[in-house]
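Need a 3D model of the following:
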Amino acid sequence: PHSLHYDLMALSQEGSGQPQFLALGYLDDELFLRYDGNSRRAEPWGLRMKGHVEPETWARETEDLQEEEQQLRRMLAELMGQKGQDRGFHTLQATLGCELQGNNSGSFWHLGYDGQDLLTFDLETLTWKLAEPLNQETKMLWERHGPRADLVKTFLHDVCPAQLLRHLASLRNQLVDTDSPKVTVTDRKFPVGRITLTCWAFNLCHPTAILTWLCDGEPTQQRTFGPEAILPSGDGTYQTWVSTWVLPGQEPRFTCHVQHCSRNTTVSADIERQAKETGGAAGLTVALAASVLTPVLMLLTCAR
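Below is the predicted model:
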């Protein structure tokens, strides 16, 4: 399944004149776009998107969000006037988007005021449904100042899915030219004589990777442990790790194999040799990784 949705908010601040506006776009629940009322321009967010989407796509996103901004600003002012709320902080929020899974699709458009549900668009009847029946005047106000029902239907049925497919296509093209992931191996010695080898993989451009420990060239998955997940790094890339227990002196027998986006990377578990080749950079990378991920250790044995 893939999804594209936008969180929009108009904020009225006392004494600030025009309401502030912010819009965030999420692709598969990961932030990829930011738009605000000062720049009035949709901009990519995260390393995955920068430089990998056609300018026409951002121009289309900008045009759509500029229109949404005008509607929400106008509606917020009208709504505050209707409720006699000329002072204080008030917000009008809209959440809209679409989802694709195989041949099935779904879309939604919700409106909220000061954090409370207000209206939801019904695609079957092409009408706005009230969260609270007593807000009939608010519904009429939105129907007067908001987007027409036919335009909402077009966005949810056609525009949003098309934009989602364009963004997915851009990411797929990016995977073809992506750099290899950054892979390093660290060790941790215990007083009882056992050693934990950990293979770290960073700079993954897609949340799909296979990390495998090899002992004498053969996979040893049954003696490894890890998070069983690929985690976001916060910059649009992903990271993960996998560990295994070994006995002192067995480290040269082990290598870490990483398969990511049709690319293969293999790193030796000989820490001393690795440190000489990288000038100590591996230790710095590991210190950063340890601050992000804390491995849960399990006792395992290495087969001979």
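
In a strand, Ala162, correct?
No. Assessed with DSSP: H, G, I helix; E, B strand; the rest coil, Ala162 is helix; it does not lie in a strand.

how far away is Cys198 from Gly97?
Just to correct that, residue 198 is Thr rather than Cys. 38 Å (Cβ to Cβ, to the nearest Å). To be clear about C-beta, it is placed using only N, CA and C from the backbone, and glycine gets the same treatment.

quick one, which of the two is more surrounded?
More crowded of Thr198 and Gly97, by other Cβ atoms under 10 Å: Thr198, with 25 against 22.

which non-adjacent residue is nearest that one?
By the measure of Cβ to Cβ, 6 or more residues apart in numbering, the closest residue to Thr198 outside its immediate chain neighbours is Ser243, 4.4 Å from it.

Remind me which helix or strand that neighbour belongs to.
Assigned by DSSP states H and E, Ser243 belongs to strand 238-246.

With Phe21 instead?
Using DSSP H and E, the secondary-structure element containing Phe21 is strand 20-27.

How about that strand, which residues are buried there?
Neighbour counts using 16 or more other Cβ atoms under 10 Å place 20-21, 23-27 of strand 20-27 among the buried residues.

Those: which two are farthest apart?
In those, the most distant members under the criterion Cβ to Cβ are Gln20 and Leu27, with 24.4 Å between them.

Quick check: the residue nearest to Thr198 touching Thr196?
Yes. Counting by Cβ atoms under 8 Å, Ser243 touches Thr196, with 5.4 Å between them.

Just want to know which of these two has more residues nearby.
Between Ser243 and Thr196, counted using other Cβ under 10 Å, Ser243 has the larger neighbour count: 24 against 18.

What segments of the stretch 151-300 of the chain are strands?
The residue ranges that make up the strands of the stretch 151-300 of the chain, judged by DSSP state E, counting those that start in this stretch, are 182-189, 195-204, 210-215, 218-219, 224-225, 231-232, 238-246, 254-260, 263-268.

Out of the ones you listed, flag the one nearest Tyr113.
Using Cβ to Cβ as the criterion, the shortest distance between Tyr113 and the strands of the stretch 151-300 of the chain is 31.5 Å, found for strand 231-232.

Just list what the closest one packs against, helices and strands only.
Based on contacts counted as 3 or more Cβ pairs under 8 Å, 6 or more residues apart in numbering; DSSP states H and E, the elements that strand 231-232 packs against are strand 238-246.

The strand it packs on - which strands sit beside it in the sheet, and in what orientation?
As defined by DSSP bridges, the strand partners of strand 238-246 come to strand 195-204 (antiparallel), strand 224-225 (antiparallel), strand 231-232 (antiparallel).

Nearest to Asn104, out of these?
Relative to Asn104, the nearest member of these by Cβ to Cβ is strand 231-232, separated by 26.2 Å.

Now tell me what touches that closest one from outside.
For strand 231-232, the surrounding residues in contact (Cβ atoms under 8 Å, 6 or more residues apart in numbering) are 30, 207, 238-240, 293.

repeat that with 7 Å
Contacts of strand 231-232 from elsewhere in the structure, counted by Cβ atoms under 7 Å, 6 or more residues apart in numbering, are 30, 238-240.
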